[in-house]
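Colleague: okay, structure incoming, though there's no sequence with it:
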């Protein structure tokens, strides 16, 4: 599924907003935080998580590998450690292709 419709970026997002962006549960995000040290949201009062654009980018990579590619968490973690640049490029291309597909579907809906 991937990141749903690009929104105007803001400084921080709540765990609920991020979960909704990726179509995953808040529990999954919390678990991914433990498994992937690169995901480290800021914690406000009472432990409320605040995800930055950097955190969201890291979550996008994990989501791509685990949900789109079907990798295990261990496999995704190892790949991200070994080959950060290739993962960035692949995830970027897929993200762009999804946006193009969404735009084409939107255009197609005008003709139906």
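Modeller: Structure's in. What do you need? Quick caveat: nothing in here was measured; it's all calculated off a predicted structure. Residues are numbered from 1 along each chain as shown.
Colleague: now the strands for the chain?
Modeller: 42-43, 49-50 (DSSP state E).
Colleague: need these in CSV with distance to residue 93, can you?
Modeller: Quick note: C-beta positions are derived from backbone N, CA and C, even for glycine. Formatted as CSV, the strands of the chain follow (distance: least, Cβ to Cβ, whole Å):
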stretch, distance to residue 93
strand 42-43, 30
strand 49-50, 29
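Colleague: nearest to residue 32, out of those strands?
Modeller: Smallest distance to residue 32 across the strands of the chain (Cβ to Cβ): 11.7 Å, for strand 49-50.
Colleague: show residues contacting the closest one.
Modeller: 12, 13, 14, 15, 29, 41, 42, 43, 44 (Cβ atoms under 8 Å, 6 or more residues apart in numbering).
Colleague: show the end-to-end separation of stretch 24-41, please.
Modeller: 17 Å (Cα to Cα, to the nearest Å).
Colleague: returning to what we had before: buried ones among the contacts of strand 49-50?
Modeller: 12, 13, 15, 29, 41 (16 or more other Cβ atoms under 10 Å).
Colleague: quick check: the two most widely separated of the residues you listed?
Modeller: Farthest pair in the buried ones among the contacts of strand 49-50, by Cβ to Cβ: 12 and 29, 14.0 Å.
Colleague: before we move on, the earlier item: take the buried ones among the contacts of strand 49-50 and write them to TSV, including distance to residue 107 and pLDDT.
Modeller: Shown next, in TSV, are the buried ones among the contacts of strand 49-50 (distance: Cβ to Cβ, whole Å; pLDDT from 0 to 100):
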residue	distance to residue 107	pLDDT
12	33	92
13	29	93
15	34	95
29	33	96
41	36	95
